[in-house]
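J.: Just a sequence and a predicted model for now, questions to come.
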Amino acid sequence: SLTHSLTHTHTNTHAHTHSLTHARTHAHNHTHTHTNTHTQVNVVVGPVVGLVTSHTVVIVLEVDAEAPVSCVFVETLTGGERRQLKLLPANRPFPYLFEDLTPDRHYLIRFEGVENADTRFGGFT
């Protein structure tokens, strides 16, 4: 699973002296700790090309652990690329909906954020 922890410490100190000259002291301390433990995520079902109309498509994917996964969609004639990044749940089919497609064009589908992306791709017209 994907684990995030964030520690944030913020300290402000202001000292003002008012006279002919103005002195100001400003101390600012930030501490950030970001831990990202990433378990290997694999596609277990899909991609399944669901309902296709002349202007829309539904692509279903299932992964074995909750993870952010991008579905990348490429129109082969122009090379135009679109992507959707979604937080997919573990072991449940998840739909990506792409709209405003150009009719009678061929599209390729690939994924980013999964270990077995090189064997999990597809296409449709």
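T.: Received, thanks.

J.: which residues of the chain score low on pLDDT?
T.: Along the chain, segments meeting pLDDT under 70 span 1-38.

J.: can you map out the strands along this protein?
T.: Counting by DSSP state E, the chain has these strands, from start to end: 2-17, 23-38, 43-52, 57-63, 67-75, 81-88, 94-98, 107-112, 122-124.

J.: same for the fourth one, what does it pack against?
T.: Under the contact criterion of 3 or more CB pairs under 8 Å, 6 or more residues apart in numbering; DSSP states H and E, strand 57-63 touches strand 43-52, strand 67-75, strand 81-88, strand 94-98, strand 107-112. Every residue, glycine included, has its C-beta placed from N, CA and C.

J.: Distance to Val58 for these - can I get that in TSV?
T.: Output for these, formatted as TSV (distance: least, CB to CB, whole Å):
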stretch	distance to Val58
strand 43-52	4
strand 67-75	11
strand 81-88	12
strand 94-98	5
strand 107-112	11
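
J.: I'd like those strands as CSV, with distance to Thr119 and mean neighbour count appended.
T.: Supplementary listing: those in CSV, determined by distance: least, CB to CB, whole Å; neighbours: other CB atoms under 10 Å:
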stretch, distance to Thr119, mean neighbour count
strand 43-52, 8, 16
strand 67-75, 15, 18
strand 81-88, 17, 14
strand 94-98, 18, 17
strand 107-112, 10, 18
